[in-house]
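Peer 1: Next comes the sequence, and after it the predicted model I'd like to discuss.
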Amino acid sequence: MNAPRQASQAVELTGVRNLVAVASGKGGVGKSTVALGLALALKREGAKVGLLDADIYGPSQGSMLGVTEGHRPKTLDGRRFEPMQALGLQCMSMSFLASERTPMVWRAPMATSALRQLLSQTAWHDLDLLIVDMPPGTGDIQLTMAQSAPVSGAVIVTTPQDLALIDARKGIEMFRKVEIPVLGVVENMSVFACPSCGKEHSLFGEGGGQLLAAEYAAPLLARLPLIPGLGEGLAAQDGAAATQFAQAAKTLLASLSGVASTLAPTITIQDD
Ligand SMILES: Nc1ncnc2c1ncn2[C@@H]1O[C@H](COP(=O)(O)OP(=O)(O)O)[C@@H](O)[C@H]1O
Ligand SMILES: [Mg+2]
């Protein structure tokens, strides 16, 4: 059964032409790393890019972007936040608003409301793309994003092994239920290039990303090797990671040109 996007729940989003969610079914597969790497590569392709960390309970973009604690976004008119600028991206994250030592102990309705606010009460400036780093799983926050935000499409991150693929499928199905296209799959931690023997080792199985991409008729955007320090943001800007992200960014931009801009979101209203 489809769960169409509801008009009453719609999040109003201005200053953003395309919103792309980077998601998976579970944590630790590299969503945040891929979201940042992709955002930086898209910027290098000439797009104006923003990055929203939608992981309300475990935001990680603050430290990945090098925004140190205590740097808070300015408020514009007592209502909207000015996005933080980091590495040439317009950014927003719960980590800019809370201290690293303050765990979020909100119940789901408060967390979803926080996400809606981060999305709609940030003064995004003329963005071609807003990349949303999604939290793990398919719970309330993910549903809020999928159902009420004008998402152009999703990029699914998976590791090559079977268990991660099962979770990735769940992530994909959630977007499909609300008719959000899968724009591509990124296989992360594909291989480890051993610095001493020079050989590539498939530590977590092989071919998973390709399989998933084929299953959902979506392009395999990138196969990212294990690269020590990749999570530190700037490492994504050179070497093997940069090449992969550049390719992913090009393919993504091409796919997006085929997707109607969603700022007039497809809202289906059902009588039930
Ligand atoms: N290709 C990679 N090579 C090396 N480390 C990686 C790679 N991808 C992710 N990591 C590391 O794995 C951990 C989890 O990645 P993260 O992007 O935070 O995952 P998620 O957002 O899915 O929870 C982080 O410490 C990150 O730096
Ligand atoms: Mg994350």
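Peer 2: Received it, and whenever you're ready, just let me know what you need. Ligands and ions are numbered 1, 2, ... in the order given.
Peer 1: which SS class is the residue in the stretch 1-150 of the chain that ligand 2 sits nearest to?
Peer 2: Going by Cβ to the ion, ligand 2 is nearest to Ser32 of the stretch 1-150 of the chain, at 3.4 Å. Every C-beta, even on glycine, is put in place using the N, C-alpha and C of the backbone. Secondary structure state of Ser32, per DSSP: H, G, I helix; E, B strand; the rest coil, is helix.
Peer 1: who's in contact with it?
Peer 2: When the contact criterion is Cβ atoms under 8 Å, 6 or more residues apart in numbering, the partners of Ser32 are Asp53, Asp55, Ser60, Gln61, Met64, Asp133, Gly231.
Peer 1: count of neighbours near the fifth one?
Peer 2: When you say that, I think you mean Met64. 26 (other Cβ atoms under 10 Å).
Peer 1: on that earlier part again, quick one: the residue of the stretch 1-150 of the chain closest to ligand 2 from Ala39, how far?
Peer 2: When distance is defined by Cβ to Cβ, to the nearest Å, Ser32 is 11 Å away from Ala39.
Peer 1: Which neighbours in the sheet does whichever helix or strand Leu129 is part of have, and how are they oriented?
Peer 2: For Leu129, the enclosing helix or strand under DSSP states H and E is strand 127-133. Pairing partners of strand 127-133, with direction, according to DSSP bridges: strand 16-23 (parallel), strand 49-53 (parallel).
Peer 1: got the CA coordinates for the first one in CSV?
Peer 2: It stands for strand 16-23. As requested, C-alpha coordinates have been extracted for strand 16-23 and formatted as CSV (Å, rounded to 0.1, in the frame of the first residue of the first chain):
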residue,chain,number,x,y,z
VAL,A,16,16.2,24.9,-2.6
ARG,A,17,15.7,23.6,-6.1
ASN,A,18,16.4,19.9,-5.4
LEU,A,19,16.5,17.9,-2.2
VAL,A,20,18.4,14.7,-2.2
ALA,A,21,18.3,12.3,0.7
VAL,A,22,21.3,10.1,1.4
ALA,A,23,20.0,7.1,3.2
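Peer 1: which residues are contacting that strand?
Peer 2: Residues outside strand 16-23 that contact it (Cβ under 8 Å, 6+ apart): 13, 31, 34-35, 38, 50, 54, 124, 127-134, 142, 145-146, 149-157, 171, 175, 180, 183, 252, 256, 259, 261-263.
Peer 1: Swap in 6 Å and give it another go.
Peer 2: Counting by Cβ atoms under 6 Å, 6 or more residues apart in numbering, the neighbours of strand 16-23 from elsewhere in the structure are 31, 34-35, 124, 127-134, 150-155, 171, 256, 261.
Peer 1: Over to Gly184. Which of the three states is it?
Peer 2: strand.
Peer 1: Report the separation between Leu211 and Asp162.
Peer 2: From Leu211 over to Asp162 (counting by Cβ to Cβ), the distance is 10 Å.
Peer 1: Kindly report the same for Gln210.
Peer 2: For Gln210, the distance to Asp162 (Cβ to Cβ) stands at 14 Å.
Peer 1: of all the residues in the chain, which ones are close to ligand 1?
Peer 2: For the chain, the residues in contact with ligand 1 (Cβ under 6 Å from any ligand atom) are 24, 27-33, 60, 136, 188-189, 224, 226-227, 230-231.
Peer 1: one more time with 5 Å, if that's ok
Peer 2: Remark: the part of the chain in contact with ligand 1 comprises 27-33, 189, 224, 226-227, 230-231, using Cβ under 5 Å from any ligand atom.
Peer 1: so which strand or helix has the residue lying closest to Asp128 once chain neighbours are set aside?
Peer 2: For Asp128, ignoring the flanking residues on the chain, the nearest one in space by Cβ to Cβ, 6 or more residues apart in numbering is Ala47 at 4.1 Å. Ala47 is located outside every helix and strand, with elements delineated by DSSP H and E.
Peer 1: What is the neighbour count of Ala47?
Peer 2: Using other Cβ under 10 Å, the number of residues around Ala47 comes to 18.
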